[in-house]
Structures are given as C-alpha cells and as structure tokens.
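*Asks:* what's the 3D shape of this:
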Amino acid sequence: MFGIEHYGLFILSSILLCLTPGVDTFYILGKTLSTRTWISPIISSLGITTGILLHTLCVSLGITLLVAQSLWLFQTIKILGACYLLYLGIQTWRQRHLLPTTNYKKIENHSLWKDFFQGVLVDFLNPKVALFFLAFLPQFVNPQYVESPWPILLLGWTFYGIGTLWLILVVSVSHFLGERFLKNPNYSRRMNSVCSLLYIFLGCGLLLEKE
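*Replies:* A predicted model of the protein is given here:
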C-alpha cells in the first residue's frame, strides 16, 4: 500500500513506542500538572506532534541523514535543545509563585501560540528523535519505493495521529488527577517547582547523553 510494508506492525510498534515515556511525554505531563486549564497542554501537544511531522519531512528529504553524518551539526542541535529545556526550567522556577490560570478566557492568543511553538521546539531540537525516525521509518518502506518520499510521509502522518491521541490521553488523565489538588496554592507552587526541576533534568540528560 503506497510503498508501505507491514503497516499493521508499524501501527502496533508506534503505539508501544508512545507508551514508552520520553522527553515529549514528560514535558506534557509536567505542563498539565502545573496548570488548571487543559487548553494550554493540548496546544503544546499539537506543537510536539507538529515537530514529529517536521522530523518526518526531514527524513523524506534526506536532511536528517546529513545531520547524522555531521558530528558538529548533531552536537549543535543537541546543545540547542538542551539549552532550551534548561531555559524552560528556569522560567518555570521563576514563575512558581504565580497561581495557574483558572479561566480559559484569560488565556491570551499569543500565549497559546507560545505554547505551540514551545512544543515544536522541544521535539524538533531533540536530535535523538530525528535519528530514531531515520532508523525506524525506512524499515516499513518497500525497497522499490526507497527513493520516493511518500511512504515516509504517510508513515509520519500515521505516527502523528497516534502520538496526538496519546498526548491528549496524557493531558486528560493528568488533568483529572491534578485538578483536585491545584485548588491548593501550596500544591500549585510545589508542582511548578517540581516541573521546573523536571525540565532542567531533561535538559541536562539530553546534554550529557552520549551518541
């Protein structure tokens, strides 16, 4: 089908991969637990999965292969991604005394765009994700279609759909569990502190991760 082999196995593998916690899941989990509104983490989730589409596009165009072959470029992207996570951690720590937004109407449009682009950057600036897609997606492409970008793009869109549903599930469950505690200002401040440390930990982990 469209140059794709073992599509059912790809779907099953994608579901299992989404169930394995990674930077994206922890980022969305932290964002959800530190705010009362569900719209902000949902928009961030769409940003994360948009980053997946960008990775897919890069794989189909051969850009990811160039990154994998260039140690300097790979390290540069990794450092940028780690620094961005550290920046988010510091920003969250500085805002830990602010109470989460309680009213959707108070959320300004530019803040939602900020949530979206933060999600895009968190995913796209992780070179490990890029290398994963470079190694994972071609396994399900018929060798006769290896030079065509369409099988890779279709597989990427499939992973996008599965990843989006998974992150929405993460947001829904964590929002439901955390909402009863967020009414307590002390809990809100503690959760913001925990989330800031989580982002810093993820950033340091990415920075220190060996190839």
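*Asks:* drop to CA atoms for contacts and neighbour counts, all remaining ones
*Replies:* Noted.
*Asks:* Skipping adjacent residues, who's closest to Y87 in space?
*Replies:* Leaving aside its chain neighbours, Y87 sits nearest to I200 (7.9 Å; criterion: C-alpha to C-alpha, 6 or more residues apart in numbering).
*Asks:* Name the helix or strand of this protein that has the lowest mean pLDDT.
*Replies:* Every helix and strand of the chain was ranked by mean pLDDT, DSSP states H and E. The lowest is helix 185-208, at a mean of 75.
*Asks:* what's the span of stretch 119-135, first residue to last?
*Replies:* Using C-alpha to C-alpha, to the nearest Å, the gap from the first to the last residue of stretch 119-135 comes to 23 Å.
*Asks:* what pLDDT, on average, does it get?
*Replies:* Rounded to a whole number, the mean pLDDT of stretch 119-135 is 87.
*Asks:* Tell me which residues of it come out buried.
*Replies:* 119-131, 133-134 (16 or more other C-alpha atoms under 10 Å).
*Asks:* Which ones among those lie within helices?
*Replies:* Residues from the buried residues of stretch 119-135 lying in helices, with DSSP state H as the criterion: 119-124, 127-131, 133-134.
*Asks:* ok, of the residues you listed, which one's closest to L33?
*Replies:* G119 (15.8 Å; C-alpha to C-alpha).
*Asks:* Look up how far Y160 lies from that closest one.
*Replies:* 14 Å.
*Asks:* circling back to that earlier point, could I get the ones in helices among the buried residues of stretch 119-135 as CSV with distance to T92?
*Replies:* CSV is the format used below for those (distance: C-alpha to C-alpha, whole Å):
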residue, distance to T92
G119, 15
V120, 18
L121, 16
V122, 15
D123, 18
F124, 21
P127, 24
K128, 25
V129, 24
A130, 27
L131, 29
F133, 30
L134, 33
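*Asks:* Could you list which residues are in contact with the residue at the greatest distance from the centre of the chain?
*Replies:* The C-alpha centroid of the chain is most remote from Q144, which lies 31.9 Å away (C-alpha atoms, centre = their mean). By C-alpha atoms under 8 Å, 6 or more residues apart in numbering, Q144 lies in contact with G3.
*Asks:* Can you show me the helices along the protein?
*Replies:* According to DSSP H, the helices that the chain contains are 7-19, 23-33, 39-61, 63-69, 71-94, 109-124, 127-136, 150-182, 185-208.
*Asks:* Could you give the average pLDDT over the shortest one?
*Replies:* Right, the one you point to is helix 63-69. 81.
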